[in-house]
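> Below is the structure, and that's it, no one-letter string:
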């Protein structure tokens, strides 16, 4: 495979499989002088890691990150930040479970396409590189990005907006931040969250899985980020989001909803606020116009499909024998990954913003354009 | 701006503005020995160009493409294909119209963010580089990609799936291909198309605009394209699609709909057909699993917002004076760009597939993996 | 081919062949607000173009550049600058000459490897894309880069240092600038220049060709440009220079000469000048330490091989017949390209510096490091 | 810094400093099905590591590599290969030595430019990322590249060609391979090697250092690799080589020597050998014409400067005090790094070849050109 690096200036490169030795993450483009320790990264990893609630996989991974390069005395040096996360829950008993059906792919899972692409050399242990395990690397890289954004007063906040059609009500950014971690589904609308959890437990009981919609908001992003025409800010956000395993859709602002509005309804009308700053009455644009941030909140939603691994028998193919066969129910699985994927989506958004921030600042410093409205 | 090149191996680079001299397109990564003349490119440009129907902008652009490099005697040489399209409908009268409100941005349009990024140096003539005019360059590049795909028996077909909530019925790939150009809205469901056109004309009369959903299907894509983890096939498709000006959402296969299905419903169940080949009973995956094509049709849908340019007065800001003001109705505009954007979306999908095809073939030739199912 | 774009942020993409319609050049990453007209670009093109002196090819190309995108009223808009140069000296008589030996490659020329790579589809007319003609595109792109550097008070100056072993004496930067265009070989040491010209005319008479060493100096480059570890400033300079057709060697500062010095001799000893600035007593480093500029002049030398096209019969192969054969003397040729290649090498150095400047400024703006010595 | 990834398809990303925890290396683009264990990588690391002979640094690093990702049962899976090398010789006593002069840069060393770029956040412990220690990461990545090349029957062999002006005689590829490791200076001309070693010990005694010329040859490279015009094979080789810390010059084939030859002497005359294959009577081109391999040996030479760290007092600057000062002699150092750098240069050449091989094969598979001479 050729795609394990993300970004143009701020670049995150990862490796590692589900049941291999561990993951390594190299983050290039980190400014010198940034205080950074494992304590800055661990909380996001903890939000992603499995085994902590009844609605996610029972796998016990500590996801303990160790920074091995790029810092001195707890401060970045300008050198790439290198991190390692060793896999700990890789007992033979679990590997054996995967081995029992290693030639029979899980319908809906990347195992099939990995067979096609890599043949029988594919790492079948928990689906290897195709496992959601790789997202720990994204979260680690994203945590470094967030640390950079923090100094720029940019916050990236995600939450579960909708689960299997159960949708949270509209809430303010502040309220979302305050409430989203008050339950195991990471939904800030506390009443709806209860319904979501109940539904998930029912589905789990059935042996099935469900997906949902995650919304990620970035607040404080300055106007002017994004590189027309192909490297628009939303283009790279879409790439980053769609690169997450279970994501099947991405929308910005009003998104697909904009297709049911007239231009006169969809256009965000500008005004000048009391501080003399340009603001918009609505944010259908999701903070991005023509691929460039407009200073409003960046609002992204992603569609997360139900996890393909279910505890029900399914028809599949034995790739060695090239014969149809029944894949037995699988027990080590997530009834939904929506709660855990929030940290991953935030990581991708944070990386894209940092990358574009560096590009935009580089150009601004050369162009030296006089902008009266600043 | 830094983003005028798309692709890793197969690379399309474009320049050109709405009312500048013209556009140039350089397509790198074109194999030698491909028959290629302007006649291969013009038809797609004609599908995109304005001024041909009552539902698009009255601008009269011939969009006549001239190949100036990369071919000899009508066959590619392996050198990059260079193309030029000169702008012809750039009479002073039209430029004057834009000049009259050049400091007042159109709400919902990139003009605002271009001001923020490029100051008063921005090309205000028809919004310069931020105009949909740049998409002619994409279409020209995409036509070269399609020509390559044709030899691989890969077809890329787009159409208007939904307009302002009016949705075409489900149809077979063959029927879509046969019918989609039978009306000016490029919708293969002929009855629904009539409703769409009627609605568009009503909206036009109102001075307003509408958007819709475009579906693009690629048939014949071999299984195995896509580069985990960040350069997944769908990740790059999402990037390509979201980089198109008016696009606010992208989904693959069941897309956002997958969030309302259980895993057992969403998983595409495989079987072995009478020729001994693996097929799937459904295509919720949209032909992509784990970021890698599975041999089924690639199915992509994009949300196109209503064009921001409307013939109604709107509140805006005069950027020179930093004062709120009313922007007068604008007459030179598209009531919807859905019909025209189809060719653009096809172009982006074609580029992404060619790029990934070259990557995958390069690796296959080195890896030499024995795959019993081929 | 896949390699027609150069740079990471500031990117030049070119196409065009020796006897095709013309060349197109797209320069991405140009800041808005830069005054730019054809008059800024033409002089460098004129320094490169053939047919003007007895020591270069008789081909008559005006190399007239036309900017078709990226400017408005003579000022850049932030959009990519698009340029076109049409080929004019492509009379049938010249094409016929090439046709007469189109299957017989010129020894020492890229024609052989193009055959291997592109088969008989290769453009054989004056060697197509492999011709030095493509360097006009580099010069046009480089002229835009130089225009950016000018505002930063960075100058890039090249000249012929050595021709067929005849070496110019050491001279000051000011003297080099003043004298280098006083003769047709572009050597600022006027006495040596006469010897060089005399030697070239002798060699031309013989039907042979010679090469030499070009030195390119960039003055005013701020300390701090270059991205360890793989994108060092000198690494990208080396790439840019070696990508020029006839170049077989690149050295920085003392270069190969450093291998005959001791560390104590080669180390440039720093001191603090009367303005409190750090300077170096010598410049063996060529202005680059650890891949990062140190504020001193960037000094690069390149080895230019003798042009392979000679007016003497040579043994070669007829690729159609796969038979040894004699290639007849060729008359349309350069006895040396050293004088003309100076502008090309300057262009590459200018591009690399602008690219790194944008990267460094982008990082500096984020890192905000307090540097007492500034 | 932004430059810690090398390559376009086959990509090596590294991190790690001289006295940090360790190094991590991620190699992307590794084909599945390649047998690979630490035993394939360790030998090259051992050739590079210090502390084994009287002519290199006394530092005791085991450079023990551990593969943590990308393999299963000793075979690659297609996923990126992740490796970790922990630093072991980082006793406080050594760190203390560096601390004693941490604000005073070593003349000729990257410490100065790192100060300029990263301020006092720079890792001063053994010069951090600017230390030759990072080259262990290159060697590990290169070893993976070599393993791929081995299956393609491509060998990459480097040796010390010249040390402080003492030059080895011309030798056959076979003889070079056979002899080069018979002495501690890695020079296959055994008599000259003795002189080189003697000279190095003398220089060491003086407290000084010397450099030299390394030649690296790749045998078996198929004709057709390299991407005109900017990604020529030699352009990327030049970049790779010049990105190695102490390298100040790169030449291909006759290199700078070509500037003293006539075209008729420099052109490599082709002939057809008894097997019907095209060969060349000489190899002044160094196996590359027009940026594309011609099937002959790729021959590269690099100029390695004398290491800047010497055991003599030198004038320098205290960056905190911004005052001239004397830097005391430093004892922990290499009298020459020529012997050790051989493995590093081989690694870079191997990476470039694999990268281009994948690109060329990808295009060939699409272009399907009929080539009668194959």
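Happy to help now that I have it. Keep in mind that what you see is a predicted model, and the values were worked out from it rather than measured. Residues are numbered from 1 along each chain as shown, chains lettered A, B, ... in the order given.

> nearest spatial neighbour of the residue in the stretch 1-150 of chain A that chain B sits nearest to, skipping sequence neighbours?
Of the residues in the stretch 1-150 of chain A, the one nearest chain B is residue A:110, at a distance of 2.1 Å by CB to the nearest CB. Using the backbone N, CA and C atoms, a C-beta is placed for each residue, glycine as well. Nearest non-adjacent residue to residue A:110, counting by CB to CB, 6 or more residues apart in numbering or on different chains: residue B:290, 2.1 Å away.

> tell me the SS of the closest residue to residue A:103 other than its chain neighbours?
Excluding the flanking residues, the one nearest residue A:103 by CB to CB, 6+ apart is residue A:320, at 4.3 Å. With DSSP: H, G, I helix; E, B strand; the rest coil as the basis, residue A:320 sits in coil.

> quick one: contacts for residue A:320?
A:103, A:120, B:372 (CB atoms under 8 Å, 6 or more residues apart in numbering or on different chains).

> per-residue confidence for it?
Looking at residue A:320, its pLDDT stands at 93.

> burial count for the residue nearest to residue A:20 when sequence neighbours are not counted?
The shortest distance from residue A:20 to any non-neighbouring residue, by CB to CB, 6+ apart, is to residue D:69 (5.1 Å). Residue D:69 is flanked by 29 other residues according to other CB atoms under 10 Å in any protein chain shown.

> right, and residue D:69 touches residue A:22 too?
Yes: counting by CB atoms under 8 Å, residue D:69 touches residue A:22, with 7.1 Å between them.

> any shared contact partners between the two?
A:16, D:82.

> Is the residue of the stretch 251-374 of chain A found nearest chain D in a helix, a strand, or coil?
Nearest residue of the stretch 251-374 of chain A to chain D: residue A:358, at 8.3 Å (CB to the nearest CB). Classification of residue A:358 using three-state DSSP returns helix.

> Report the helix or strand with the lowest average pLDDT across chain A.
Within chain A, no helix or strand scores below helix A:92-100, which has a mean of 82 by mean pLDDT, DSSP states H and E.

> hang on, the earlier thing: correct me, but the residue of the stretch 1-150 of chain A closest to chain B touches residue B:291?
Yes: the pair residue A:110 / residue B:291 is scored as a contact, 7.2 Å apart, by CB under 8 Å.

> any residues in contact with both of those two?
With CB under 8 Å, 6+ apart as the test, residue A:110 and residue B:291 both reach A:245, B:228.

> who touches the helix or strand that contains residue A:41?
Using DSSP states H and E, residue A:41 falls within helix A:38-48. Contacting residues not belonging to helix A:38-48 are listed as A:52, A:63-67, A:83, A:85, A:135-136, A:139-140, A:142-144, A:146-147, A:181, A:186, A:340-344, A:346-347 [CB under 8 Å, 6+ apart].

> which among those are in contact with chain D?
Subset of the contacts of helix A:38-48 in contact with chain D: A:66-67, A:83, counting by CB under 8 Å from any CB of the partner chain.

> Let's have these in CSV, adding distance to residue A:35 and secondary structure.
Converted to CSV, the ones next to chain D among the contacts of helix A:38-48 look like this (distance: CB to CB, whole Å; DSSP: H, G, I helix; E, B strand; the rest coil):
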residue, distance to residue A:35, secondary structure
A:66, 17, strand
A:67, 12, strand
A:83, 16, strand
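
> And for residue A:152, the neighbour number?
15.

> Under the pLDDT cut-off, which ranges of chain A? List them.
Scanning chain A with the threshold set as pLDDT under 70 gives A:374.

> Spell out the residue ranges of the helices in it.
With DSSP state H applied, chain A shows helices at A:38-48, A:92-100, A:111-118, A:135-151, A:173-179, A:190-206, A:233-242, A:263-266, A:338-367, listed in chain order.

> Look up how far residue C:54 lies from the nearest residue to residue A:200 once chain neighbours are set aside.
Nearest residue to residue A:200 in three dimensions, chain neighbours excluded: residue A:55, at 4.7 Å (CB to CB, 6+ apart). Noted for residue A:55: a distance of 84 Å to residue C:54, by CB to CB, to the nearest Å.

> what does residue A:349 give?
Residue A:349 is 63 Å from residue C:54, by CB to CB.

> Count the neighbours of the closest residue to chain B within the stretch 201-350 of chain A for me.
Residue nearest to chain B within the stretch 201-350 of chain A: residue A:290 (2.2 Å; CB to the nearest CB). By the measure other CB under 10 Å, the count of residues near residue A:290 is 27.

> Pretty sure it sits against residue B:130.
Yes: counting by CB under 8 Å, residue A:290 does reach residue B:130; the two are 4.8 Å apart.

> Now do the shared contacts for these two.
A:228, B:109-111, B:114, B:245.

> Residue A:207: neighbouring residues, count only.
Look at residue A:207: counted by other CB under 10 Å, it has 18 neighbours.

> which residues touch it?
Residue A:207 touches A:310-312, A:329, counting by CB under 8 Å, 6+ apart.

> Check the burial of the residue nearest to it when sequence neighbours are not counted by counting its neighbours.
Spatially, and ignoring its direct neighbours in sequence, residue A:207 is nearest to residue A:311 (3.3 Å; CB to CB, 6+ apart). By other CB under 10 Å, 19 other residues sit near residue A:311.

> what residues are up against residue A:35?
So residue A:35 contacts A:74-76 (CB under 8 Å, 6+ apart).

> where does the stretch 51-200 of chain A come near chain C, residue by residue?
A:78-79, A:148, A:152.

> Now narrow the residues you listed to whatever sits close to chain D.
A:78-79.

> quick one: which of the residues of the stretch 51-200 of chain A next to chain C sit in strands?
Among these, no residue falls in strands (DSSP state E).
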